[in-house]
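In: turn this into a model:
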Amino acid sequence: MASRTPRTDAGTEQLKADLEHLTQTLEELVGATADDSRSNIKQLREKAEQRLQETRHRLEARGEHLYEEARDSVREQVDACDRYVHSNPWTSVGIGAAVGVVIGMLIGRR
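Out: Residues are numbered from 1 along each chain as shown. This next block holds a predicted model:
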């Protein structure tokens, strides 16, 4: 778990940087529309579109990467739980019974 924190922090920093670049470009575009220079607006619009596409691509890639990490982590946890139950069946039955009793008592109080 601890090994994933630096990658997440780096991804967060990259996302912040991408959003800052996109925001700056859009602010430039809005500022450029104040003067009526058509070539300036066209250049800034193309720059904004390019940065928007780059940011969108990075966000999609980051989302897919996070999804895969979460899926792999859940799969590992399920496998570990399965191994534990198979190697300690009576302990697992006892834990399940205890949890059932506690839930039954909580429901019975109503």
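
In: for the rest of this, base every contact and every neighbour count on C-alpha atoms.
Out: Fine.

In: which residues of the chain fall in strands?
Out: Counting by DSSP state E, the chain has no strands at all.

In: ok, the residue nearest to the spatial centre of it - contacts?
Out: In the chain, the centroid-proximal residue (Cα atoms, centre = their mean) is residue 66; its distance is 4.9 Å. Listed by Cα atoms under 8 Å, 6 or more residues apart in numbering, residue 66 has no contact partners.

In: against residue 91, how distant is it?
Out: 34 Å (Cα to Cα, to the nearest Å).

In: residue 102 too?
Out: 17 Å.

In: what's the answer for residue 13, then?
Out: For residue 13, the distance to residue 91 - Cα to Cα - is 45 Å.

In: where does the protein dip in pLDDT?
Out: The model of the chain has pLDDT under 70 over residues 1-8, 32-37.

In: pull out the buried residues from stretch 14-22.
Out: Within stretch 14-22, the residues scored as buried using 16 or more other Cα atoms under 10 Å are 14-15, 18, 21-22.

In: got it, and stretch 62-69?
Out: For stretch 62-69, by 16+ other Cα under 10 Å, it's residue 62.

In: centre of the chain to that stretch, how far?
Out: 7 Å (Cα atoms, centre = their mean, to the nearest Å).
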